[in-house]
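Novice: Fold the following, please.
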Amino acid sequence: MVKLVYNHLVERLRAQELGAIGDLGFVGLDDDPDNPVVITGYKTARTKPLTSAKKQVNKLIASVRAVCEHAFAHLKNRRVLTKLRLSPRDATTPLRALLVLTRAEVAP
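Specialist: Sure, this is the predicted structure:
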């Protein structure tokens with residue numbers, strides 16, 4: 001069932017011509033290698049280590065994801081999301097505003 005929900009997400013992203021960057025838990029979710037919607041890093045195999053190019057790609061993806069991960073961590077620390085009683089569609093605008101305010105407060 002979870003895979004079905006994520007496949008629906010991939011279809012919606014593709015329909016809106018959007019993309020997403022995911023962690024290694026989303027490897028294999030997108031079934032179109034020529035036109036990926038969900039960009040993920042590379043997993044290592046026990047017998048075959050990653051090449052330096054693949055390591056560099058993983059670092060780039062991690063640096064892009066870190067900004068969002070830190071912002072959500074700040075929101076979770078303030079417990080703002082536990083009091084939010086909106087549908088995800090209606091919560092997008094207030095969450096964007098909170099992320100901007102959190103980033104402005106954290107920045108030197």
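Novice: What lies in contact with stretch 30-48?
Specialist: For stretch 30-48, contacts defined as C-beta atoms under 8 Å, 6 or more residues apart in numbering pick out 10, 13-14, 18-24, 26-27, 29, 50, 54, 57-58, 61-62. Quick note: C-beta positions are derived from backbone N, CA and C, even for glycine.
Novice: list the buried ones in stretch 24-31?
Specialist: Neighbour counts over stretch 24-31 (16 or more other C-beta atoms under 10 Å) mark 26, 29-30 as buried.
Novice: next one: stretch 44-63
Specialist: Buried positions in stretch 44-63, judged by neighbour count with 16+ other C-beta under 10 Å: 57-58, 61.
Novice: okay, those residues in CSV with pLDDT and distance to Leu95 next?
Specialist: Output for the buried residues of stretch 44-63, formatted as CSV (pLDDT from 0 to 100; distance: C-beta to C-beta, whole Å):
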residue, pLDDT, distance to Leu95
Val57, 92, 29
Asn58, 92, 27
Ile61, 91, 22
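Novice: Can you list which of those are found in helices?
Specialist: 57-58, 61 (DSSP state H).
Novice: what phi and what psi does the backbone show at the nearest residue to Val27 once chain neighbours are set aside?
Specialist: Counting by C-beta to C-beta, 6 or more residues apart in numbering, Val27 lies nearest to Thr40, which is 4.9 Å off, once chain neighbours are set aside. Thr40 adopts backbone torsions of phi -130, psi 170, taken as degrees, to the nearest 10.
Novice: Return the backbone torsion pair for the residue of the chain positioned farthest from its centre.
Specialist: Here the centre of the chain is the reference, and by C-alpha atoms, centre = their mean the most remote residue is Thr47, at 28.6 Å. Torsion angles at Thr47 (phi, psi; degrees, to the nearest 10) stand at phi -90, psi -10.
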